[in-house]
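Novice: Please find the sequence and the predicted model below.
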Amino acid sequence: MTIGLSGWTVYRNRRALDEIGLTLVSSLRQVRSKAVRGEKPTTISCTCSSLDGYNVEEDSGNLESVPVCSGNRLIDPSCQDIIAISEQVDWELPTSFMFKSLTGYTNESGPFYVNLTYHDIGGTVVISNYGAEIKWHRSN
């Protein structure tokens, strides 16, 4: 019976990580879509005459989408969006990147990775070269 329960636990943890990974893929696609549309921040304190794009970066344990306008990151917290990742998951963003306005391409050639770990099960969200594709891959 122990083997069956252990197998069920591994299956459940894999499914949970897959759900978290796919949710993150969706959130990153939404950030890229905002950049493609040239959607500027709407908060009064977030003046943006020329949108360069949206940085995806780590700040204080959060994954954030930060608008970049005329070469400057808008550091006011009301301008930034936190990209939700379950608190139960350990994650790492080795390199921050930007989705450029109007094209959605990244500012660097990439690829870029967001590594996720949940109960010893790992996976990676991969942002392909120039941001053309964002997909989920569970490693075990």
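Specialist: Perfect, I can see it now.
Novice: can you pull out the helices in this protein?
Specialist: 2-37 (DSSP state H).
Novice: Where does the prediction get shaky in it?
Specialist: Flagging of the chain using pLDDT under 70 yields the residue ranges 1-3.
Novice: let's go with 80 and repeat that
Specialist: For the chain, residues meeting the criterion pLDDT under 80 lie at 1-6, 60, 87, 110, 140.
Novice: And the strands in it?
Specialist: Here the chain has its strands, by DSSP state E, at 51-59, 62-69, 72-73, 81-83, 90-92, 97-100, 112-118, 121-127, 134-138.
Novice: Point to the residue nearest the middle of this structure.
Specialist: Centrality entry for the chain: nearest residue to the mean C-alpha point is residue 28, 4.5 Å, by CA atoms, centre = their mean.
Novice: returning to that earlier point: nearest to residue 33, out of the strands of the chain?
Specialist: strand 97-100 (8.8 Å; CB to CB). C-beta: built from backbone N, CA, C; applies to glycine.
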